[in-house]
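>>> build me a model from this:
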Amino acid sequence: MSGACVKLRAAGLLSVVLLLLCFLGGCVSQQPPVDIDSDIDTEIDGSALVNSPAEYRLIATSRAAVDICDKLGLTLIGRPALAGLPARYDGLPETGSPMQPDFEAIRLLSPTEVVGPDTLESELAPGYENAGIPATFLNLRSVAGLYESASYLGEKYGAKAASDALLVEYESALKVLEAKKGDKQGPRVLILMGLPGAYIECTPSSYVGSLIELCGGESVVTDPVEDFVSWNTEALLELDPDIIVRTAHALPDLVAEMFAKEFSENDIWKHFRAVQEGRVYDLDYNVFGMSANFRWQEAFDELALIFYGDASDGAAADGDAPK
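Down below sits the predicted model:
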């Protein structure tokens, strides 16, 4: 697998995300935050390995990071304040939300390492550094990055057999999915990521953008640096996408209402060929979110249905695309 981990430099854009979501409701180690490269075969420095579970105190701060630890059978001492996490982590001290971790609560737990997604690195790294908390930002912007991150944690925390098994499973599934896709020409896709009252566009370096490309599609919005951009609608119209897909960063019900209102009241959308042809699809944000997760095969199958099959059978929101 190729490519160095692309940093999210859209700090201002992510700040907007934080502000929109704020209404929801420093251990002392002087190590700076560490970033993990996205190459699947990255070598780990053997001197840094912690082989005995008794020697590490690990905290995962996002759902995706927790799921990786669960797959590897790793022990955690803290977890994010989220519902529906694996049962093995019930009752652990909560460390705040993924986007707004409680640095003091984390510091008091004396972790040897805190892991979370690198999409939040630009916002959170200064807080971890100021609190003296050793933080590692995992590349969860693609399926390859997900498994590379699992390999890193498995090697470091004595769960290499489990991470190797995950890698074998991934490579096997990828071959099956590539065979399904074959040589079919995928569509050109506009990817909208919704927040309450606003939306942004995903580029190929975002997780959803990487899924589109994995399934043979092409994102019409590109950027050499950013994972997410905010372009005006007139510029998007000129790109003439074959398909528009919409997902949510959080609060999916509110986002669905926002998209429904936007597409019905903003007159420009009726000029998009994808809207005229009824090729607008709402995706499950639990599968198509900000970070890669182990439901990626489900995501691939859903996109394959939209791209190459009869996507009218339930792929669009309530079976209807905006007109």
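
>>> CA only for contacts and neighbour counts going forward, please
Fine.

>>> what residues sit buried inside stretch 117-134?
For stretch 117-134, burial by neighbour count (16 or more other Cα atoms under 10 Å) applies to 117-125, 127-129, 131-134.

>>> repeat for stretch 284-298
Those would be 285, 286, 287, 288, 289, 290, 291, 292, 293, 294, 296, 297, for stretch 284-298 by 16+ other Cα under 10 Å.

>>> restricted to helices, list the buried residues of stretch 117-134.
Among the buried residues of stretch 117-134, the ones falling in helices (DSSP state H) are 121, 122, 123, 124, 125, 127, 128, 129, 131.

>>> please identify which of these is nearest to residue 162.
residue 121 (27.0 Å; Cα to Cα).

>>> my guess is that closest one meets residue 138, correct?
No. Look at residue 121 against residue 138 with Cα atoms under 8 Å: they stay out of range, at 9.2 Å.

>>> contacts for the helix or strand harbouring residue 180 next, please.
If you go by DSSP states H and E, residue 180 is part of helix 160-181. Identification of contacts with helix 160-181 by Cα atoms under 8 Å, 6 or more residues apart in numbering yields 71, 72, 147, 150, 151, 154, 155, 215, 216, 297, 300, 304.

>>> for it, C-alpha coordinates in CSV please.
Extracted C-alpha coordinates of helix 160-181, given in CSV (Å, rounded to 0.1, in the frame of the first residue of the first chain):
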residue,chain,number,x,y,z
LYS,A,160,0.7,-9.3,16.5
ALA,A,161,-1.0,-12.6,15.8
ALA,A,162,-4.4,-10.9,16.0
SER,A,163,-3.3,-8.0,13.8
ASP,A,164,-1.7,-10.4,11.2
ALA,A,165,-5.0,-12.3,11.1
LEU,A,166,-6.9,-9.0,10.4
LEU,A,167,-4.4,-8.2,7.6
VAL,A,168,-4.9,-11.6,6.0
GLU,A,169,-8.7,-11.1,6.2
TYR,A,170,-8.4,-7.7,4.7
GLU,A,171,-6.3,-8.8,1.7
SER,A,172,-8.6,-11.7,1.1
ALA,A,173,-11.7,-9.5,1.2
LEU,A,174,-10.1,-6.9,-1.0
LYS,A,175,-9.4,-9.5,-3.8
VAL,A,176,-13.1,-10.6,-3.6
LEU,A,177,-14.3,-7.1,-3.9
GLU,A,178,-11.9,-6.2,-6.7
ALA,A,179,-13.2,-9.2,-8.6
LYS,A,180,-16.8,-8.0,-8.1
LYS,A,181,-15.9,-4.6,-9.4
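
>>> export the buried residues of stretch 284-298 to CSV and tack on pLDDT and distance to residue 189?
Shown next, in CSV, are the buried residues of stretch 284-298 (pLDDT from 0 to 100; distance: Cα to Cα, whole Å):
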residue, pLDDT, distance to residue 189
285, 88, 17
286, 88, 20
287, 93, 18
288, 94, 14
289, 89, 17
290, 88, 17
291, 92, 19
292, 95, 19
293, 94, 21
294, 95, 23
296, 95, 18
297, 94, 19
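
>>> which two of those residues have the greatest separation?
Farthest apart among the buried residues of stretch 284-298 - using Cα to Cα - are 290 and 297, which lie 16.1 Å from each other.

>>> circling back to that earlier point, including distance to residue 236 and secondary structure, could the buried residues of stretch 284-298 go into TSV?
TSV is the format used below for the buried residues of stretch 284-298 (distance: Cα to Cα, whole Å; DSSP: H, G, I helix; E, B strand; the rest coil):
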residue	distance to residue 236	secondary structure
285	22	coil
286	26	coil
287	25	coil
288	21	coil
289	22	coil
290	21	coil
291	24	coil
292	26	coil
293	28	coil
294	31	coil
296	27	helix
297	29	helix
